[in-house]
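K.L.:
return atomic coordinates for the entry below.
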Amino acid sequence: MQEQFYDLVSGRKTGISASILRSALRLLEFPYSTVIACRNLLYDKNIFATHHLPVPMISVGNLTLGGTGKSPMTAWLCQHFLEQNLQPGLVSRGYGKGKHNTNDEFLEMSHRFPAVPHLQNPHRATAIQELLRAQPVDVPVDVIVLDDAFQHRQVARNLDIVLLDATAPFGFGHIFPRGTLREPVGELRRADVVLLTRADLVDEAQRQEIQQRVLAINPKIVWGETVHVPTALISPDSTSEAIESIRGRSALAFCGIGNPAAFRKTLERCGVEIAKLMTFPDHHRYSARDVDGILRTARELGTDLILCTMKDLVKWDATAATIGKVGTRPSAAESHKVGTRPPGGCVGAADWNAQNAEYRSCRPAVGNLPSAPGSRQPADCETCSYPAIRAVLIEIQFTQGESAVRECIDSRVRP
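P.N.:
Residues are numbered from 1 along each chain as shown. Next comes the predicted model:
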């Protein structure tokens, strides 16, 4: 559905029906853009109140719907502040939160930065106040990173960082639903730093054109360019393996992120033979049925690996906890105790066992990678075996402007 929408609004889909649909979406764009313009005007005129809080605020956001790389940038900021001996805190809206009041972004950041406090609440000012009150006196929060907050203007910030995806930086020229812009491009006048993400996916002339358009709107913007680099493979038990180990191997890939096409391109650049990419909605929470479908498909395709993003792995692991621990293997004596979970075991819940008799004795083996393409993992029992599952850890690397961006950030945090 998401790819079909992008094909439509980008103009890649042609024909009379596509033209009619774009015209209908253009009509719907007008009331939405009017509301956005009125809201921004009320904030600009200080009619809508803005909360000023006692610690520096750094916002990471974007102009468009979909994934531009906010999570890797947020991780980069956390690492930057920790290296400066500053204690960062994270506040995000929490799209797609589940019954434990967390979502994939929370789980991923908690996994990568367990010492960084993180609260999720649509009311960011309330979350910030709660986070500051909850911190121990001897470990105060020095700076707050606001995730996906460029349009959230209720909280004053010291620095606004806006990410533009090089492959569609200006939302196909239209505000949602005719395009993918959240607000007009002219609102970049509020930004302090603009980063062109996935800059390696376009040529130099296109990068220059994008930069010139941004600087024409706001000449004071600090400009930077980044690429998304896969740096490691992460297993469900958090061990790390070299990214080079997947080159030349076949994989079933799956993801529930804002830009699945970018994930495919990342895997292709790693030299992976993608047998199939299974896509799910952004922030999708995997059910037992989803897990079963992914495992069955991988086994039917005979792939060497199952690959996903870190956001997907943390949700997969959370789902697996309800149906059996993915990533460990029970002893022979314990592996067929239906409905129990021995130490280090992987036996599923009763309802899972009842509905999935074929799998009730074991869960997928996810130990070390097969030694050669086409080789299989040892089975947990005699009835089945699965490829190893790994998350591809993706981090940002600057190709232009890193020093200027760091200096700008530090000047706002430590004026």
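
K.L.:
please name the bridge partners of His51.
P.N.:
Per DSSP bridges, the residues bridged to His51 are Val155.

K.L.:
my guess is it meets His152, correct?
P.N.:
No - counting by Cβ atoms under 8 Å, His51 sits too far from His152 to count as a contact (10.7 Å). C-beta coordinates here come from the backbone N, C-alpha and C atoms, glycine included.

K.L.:
what about the two, which has more around it?
P.N.:
Legend: neighbour count by other Cβ atoms under 10 Å for His51 and His152, higher for His152 (18 against 15).

K.L.:
surely that one is in contact with Leu146?
P.N.:
Yes - taking contacts as Cβ under 8 Å, His152 lies within contact range of Leu146: 7.1 Å.

K.L.:
give me the common contacts of these two.
P.N.:
Counting by Cβ atoms under 8 Å, 6 or more residues apart in numbering, the contacts common to His152 and Leu146 are Ser59, Gly61, Arg124.

K.L.:
per-residue pLDDT, the first one?
P.N.:
Here the pLDDT value assigned to Ser59 is 97.

K.L.:
wasn't it part of a helix?
P.N.:
No - Ser59: not assigned to a helix; according to DSSP: H, G, I helix; E, B strand; the rest coil it is strand.

K.L.:
that one: how many residues sit nearby?
P.N.:
For Ser59, using other Cβ under 10 Å, the count is 28.

K.L.:
for the remainder of this discussion, apply numbering that starts at 39.
P.N.:
I'll keep to 39 as the first residue from here, and by that count the last item is Ser97.

K.L.:
okay, and the beta partners of it?
P.N.:
Here Ser97, judged by DSSP bridges, has bridge partners Leu184, Asp198.

K.L.:
report the contact partners of it.
P.N.:
Counting by Cβ under 8 Å, 6+ apart, Ser97 has contacts Leu184, Ala187, Phe188, His190, Arg195, Leu197, Asp198, Ile199.

K.L.:
which residues touch Gln192?
P.N.:
Contacts for Gln192 (Cβ under 8 Å, 6+ apart) come out as Phe86, Ala87, Thr88, His89, His161, Arg162, Ala163.

K.L.:
list just the nearest of these to Thr235.
P.N.:
Of all the contacts of Gln192, Thr235 sits closest to Arg162, with 23.0 Å by Cβ to Cβ.

K.L.:
what's the burial count for the residue nearest to that closest one when sequence neighbours are not counted?
P.N.:
Leaving aside its sequence neighbours, Arg162 sits nearest to Val193 (Cβ to Cβ, 6 or more residues apart in numbering; 5.0 Å). A total of 20 residues lie near Val193 under the criterion other Cβ under 10 Å.
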